[in-house]
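Enquirer: Need a 3D model of the following:
(chains A and B)
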Number of protein chains: 2
Amino acid sequence: MKPTYELPNFFQKLRMNDQPDLPKILNNLACLSVNELKTEVVSDEIRAIFPNLSNQKIVRFISGKNKVHQPKKVGVLFSGGQAAGGHNVIIGLFHALKKLNQTTQLFGFIQGPDGLLKNTSIELNEKRLSLYLNQGGFDLLGSSRTKIEKEEQFHEVSNTVKALNLDGLVIIGGDDSNTNAAFLAEYFARENISTQVIGVPKTIDGDLKNELVEISFGFDTATKTYSEIIGNISRDALSAKKYYYFIKLMGRSASHVTLECALQVHPNLALISEEIEYNNKTINDLVSEISDMIAKRASHGKDYGVILIPEGLLEFVKEVKILISELNIILSEDKLAILEMDAMQKDDERYEFIVKLLTEASKHFYQSLTREIQMQLLEARDPHGNVQVSKIDTERFFIELVTKELKKRAAKGLYSSKFNAQPIFCGYEGRSCFPSNFDCRYCMTLGYVAGLLINEGLTGYMASVQNLAKNVDDWQIAGVPLLNMMHFEQRKGHLKAVVKKALVDLESALFKTFADKRDDWVLLDDYQYPGPIQFYGPAELTSKVTLTLLYKGD
Amino acid sequence: MKPTYELPNFFQKLRMNDQPDLPKILNNLACLSVNELKTEVVSDEIRAIFPNLSNQKIVRFISGKNKVHQPKKVGVLFSGGQAAGGHNVIIGLFHALKKLNQTTQLFGFIQGPDGLLKNTSIELNEKRLSLYLNQGGFDLLGSSRTKIEKEEQFHEVSNTVKALNLDGLVIIGGDDSNTNAAFLAEYFARENISTQVIGVPKTIDGDLKNELVEISFGFDTATKTYSEIIGNISRDALSAKKYYYFIKLMGRSASHVTLECALQVHPNLALISEEIEYNNKTINDLVSEISDMIAKRASHGKDYGVILIPEGLLEFVKEVKILISELNIILSEDKLAILEMDAMQKDDERYEFIVKLLTEASKHFYQSLTREIQMQLLEARDPHGNVQVSKIDTERFFIELVTKELKKRAAKGLYSSKFNAQPIFCGYEGRSCFPSNFDCRYCMTLGYVAGLLINEGLTGYMASVQNLAKNVDDWQIAGVPLLNMMHFEQRKGHLKAVVKKALVDLESALFKTFADKRDDWVLLDDYQYPGPIQFYGPAELTSKVTLTLLYKGD
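Expert: Residues are numbered from 1 along each chain as shown, chains lettered A, B, ... in the order given. As a prediction, the model looks like this:
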């Protein structure tokens, strides 16, 4: 018998039909209004850049008398990398807007900022949206990494919002996208364009947070997805007792993902970039530390283990930063010479070409790397000749260097055990997965809040949900001025006002817990196995929040 | 406040307390006895090798009158790679033995065959085992890949079983381990050692199956785990529209895992090794096919996609087989020359060294590979100088070759789009995960059956559960003579009797369904998202079986 061709998407349908719980305050939107809260005054330097947005206050929504609300036209887009729950933000936004006024229209821009610049959009309706409830990915609209930050781009965007006659624009993005949202809001205000701009905090990296924004959406699902995988792999290591797994975890810059996963799974070692930078550690130091750990475990008969490495690590190590800045100068300076190098057939030739141009210190470090990494550093360039460190296989980088180091030790009689390593990258599979129950609820609520902020006539705000570690009933909803999250940073040689990226705080209770416990994990094999995200079953299982959220601010 | 240090293992405890449903026939073990079924007679050649095991019949358990059962001493071990559910096999075995006679003892061998050879074992008890119910991994005992196949090893094993006075030995393993189990059973019978040997079919690869064994355990969980990941990644591809994901799937030889995952997720392309071998395709053919698909999608504005590649693929491609056999001869022949080559500092030198020694045809193919793959082929050797194809990053191999091919086409004006690829390996995370509800039940039942077969005094049998696609209530339990699964194969130049590995049957309904539908998947982006394995919720979700099992034998 030839099988009937069956769509195996029962789970997708089940998720589509599961209405996320929402905070009680959202029961009746018509009666909501805002209270201004005490708000820190932003610095004069920030005010100077955003004269039209200054003096904004944090607002909290409270229930009052029912009011009649005007119809609106609103646009929404995804900006940057995927994070689980994005579709629920849009569905929440749609529901809020329609509940406030049934004739309000919501437009979605196709492929993110690109669609906003080119005015390619679709009007969203209930029927279409219902297929995306609680689903992963951003595929309803797509996304892109195009940055809208230049005056001429703002001009293009104003053409789009004027053409669609938009009252509001909701940008679902990370710190860079929200920085650009603030500049766009300022531009609109300056140019007397009435479109309000609202940001929604998105990123699996968990680095878009502050006193007013507890966590970005997607972090919960991504860390749970990675923790499952790391748990599975730890159990595999413990069963076969054969491999060291070097696991790289996604996260462009901060190590929040690695810290959360470490506290969930208890690996033998987890590197935290912020700590490494704070202690001024070199690659050599790290290779020594890893090798020491391996040697220590070997002396207890254990030739296996699990090591977590944050993706952004290399950018936090001084000697790498110096080497990369030298390479960036070399590779961007003499285009003809670089073309010549790129045309060389043999890696050895390219190596000789580049090594002559480095300073003594960098040359020494570059020479210590394996040929594969040396070539990766030359090849992973963006169009401006900048080395893209994120393209380097950091997990393989460390395996190669640790292998070398252990061979050296073996030659001196200091190490005599087996070392077999496997590289693993926990990355893309954590961005577009089905959102956890937490992210389903949080994102839906964020969408509602974005709609309510537009309804209040506010611009330059980020949607915020508070008390997230508590029961969803008791979540509070608020709007936070983007300016209140901004500070100055060096970008391409200039000071720029940007939404501050939150790095791991080495003084936080969360980090200290990790720092206290990690010594036990070196030898104990105290691996924990969180298992796959569960959507049905006891709430203790299905609604558990991350430790990062649970202990935020401590 | 510093957080209380909390073990995040609620899920582990929940799984420990969930007794798997078992077939009705296991309600009362004391009354079970066996019926012999009509059984194909094994060939004279097999009978000649196993004179003491011939004429065995397939047995099916049926209920009858209660009997009193004798106490036994039984040993059990894991052999080879991890597969989800192994702990439940041991727990099922323990429960069955204790129910038959409370004074029966069960011993577990530490680190698999190594423990059996060295007689390192622990006696298992209820309390200890209860911590492993429904848990992943093999870490209760550990495992190893040591093969027990030589006469002196059989002698060592007999010392162990004599020392422990074992009535029975249960080997949880794949085709090789069960082949060795058959030889061990024959050896014991010949030497008048009364220990019975029973095999349990384990492997995530799904290639240990036949008319009498419907599926090996672990396949269900592994393919569901991989399908989740591939679904997540497909949704990511569709959202960002930026990358081609080249996903390698674990499976040493057969492509069952890839076929099942393809039918679950509907990737744009899935390579099936057995089909490629059948059609005598070359690497060049495959690179062309992939490139054609990419060009076709590009012409529809789609520069993203998902491609599945079975881990064992390269061994099914003729030119690779020839190259590898040449390399094996070269690398094993002149040890001194090889030492010299290994000592060479530069990859270019090693390349020149080896390329001189290849035949014209192989030289041409070797030259067409990238330097990285060329070096991998030289480095991935076992102690005998044999190239280990499984160590080659097949997904990266194809990315490199396709990149080259597309550049060629671009130079000729035949392709003008972007090609960005990401390599992904779905591997180790699928072996030691929490077993799916299906694998929990199936493994527990297999353990019971193994215990019952020992109780019946049988040796050289594999535990078998039938009607697996039906409700667990109606599962049938049986024992199948290992000899009835054996045939002859070339191994290291000699014909050897081995348990037959099941490859993908190109005439099966399952493969034909795939072959019928795959053309639609090239352009349609018909990705399906199975989501993470769910343990609680509607049975349609939590007890779904694989399509491979559903359409077995069709």
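
Enquirer: from here on, contacts and neighbour counts on C-alpha atoms
Expert: OK.

Enquirer: What pLDDT is listed against A:K346?
Expert: A:K346 is assigned 81 on the pLDDT scale.

Enquirer: B:D347 is in contact with that one, correct?
Expert: No. When contacts are counted by CA atoms under 8 Å, A:K346 is not listed as touching B:D347 (9.4 Å).

Enquirer: So which of these two has more stuff around it?
Expert: Neighbours per residue (other CA atoms under 10 Å in any protein chain shown) separate A:K346 from B:D347, with B:D347 holding more: 19 against 13.

Enquirer: Does the more buried one touch B:I373 like I think?
Expert: No. Using CA under 8 Å, B:D347 is not in contact with B:I373, being 11.2 Å away.

Enquirer: List the contacts of stretch A:283-290.
Expert: Here stretch A:283-290 makes contact (CA atoms under 8 Å, 6 or more residues apart in numbering or on different chains) with A:L269, A:V317, A:E319, A:V320, A:F398, A:L401, A:V402, A:E405.

Enquirer: between those residues, which has the most around it?
Expert: Tallying neighbours with other CA under 10 Å puts A:V402 at the head of those, with 23 neighbours.

Enquirer: which element is that residue on?
Expert: helix A:394-411 (DSSP states H and E).

Enquirer: Give me the contacts around that helix.
Expert: Helix A:394-411 has contacts (CA under 8 Å, 6+ apart) with A:246-248, A:287-288, A:290-291, A:309, A:311, A:313-314, A:369-370, A:373, A:415-416, A:419, A:421, A:423-425.

Enquirer: With stretch A:124-138 instead?
Expert: The contact list for stretch A:124-138 (CA under 8 Å, 6+ apart) reads A:12, A:15-18, A:78, A:82-88, A:91, A:105-108, A:140, A:431-435, A:440, B:232, B:235-236, B:238-240.

Enquirer: Now intersect those with the strands, please.
Expert: Using DSSP state E, the members of those that fall within strands are A:F78, A:Q105, A:L106, A:F107, A:G108.

Enquirer: of these, list those near chain B.
Expert: Among those, no residue sits close to chain B (CA under 8 Å from any CA of the partner chain).

Enquirer: from the residues you listed, which two are the most distant?
Expert: Pairwise distances across the ones in strands among the contacts of stretch A:124-138 (CA to CA) peak at 17.7 Å, for the pair A:F78 and A:Q105.

Enquirer: neighbour-wise, which of these two wins?
Expert: More crowded of A:F78 and A:Q105, by other CA under 10 Å: A:F78, with 35 against 18.

Enquirer: I'd say that one and A:G174 touch.
Expert: No. With contact defined as CA under 8 Å, A:F78 does not reach A:G174; the gap is 9.8 Å.

Enquirer: Can you classify the residue of the stretch 251-400 of chain A found nearest chain B as helix, strand or coil?
Expert: Nearest residue of the stretch 251-400 of chain A to chain B: A:Q264, at 6.1 Å (CA to the nearest CA). Classification of A:Q264 using DSSP: H, G, I helix; E, B strand; the rest coil returns helix.

Enquirer: Verify the stated contact: it with A:R518.
Expert: No. Counting by CA under 8 Å, A:Q264 sits too far from A:R518 to count as a contact (12.0 Å).
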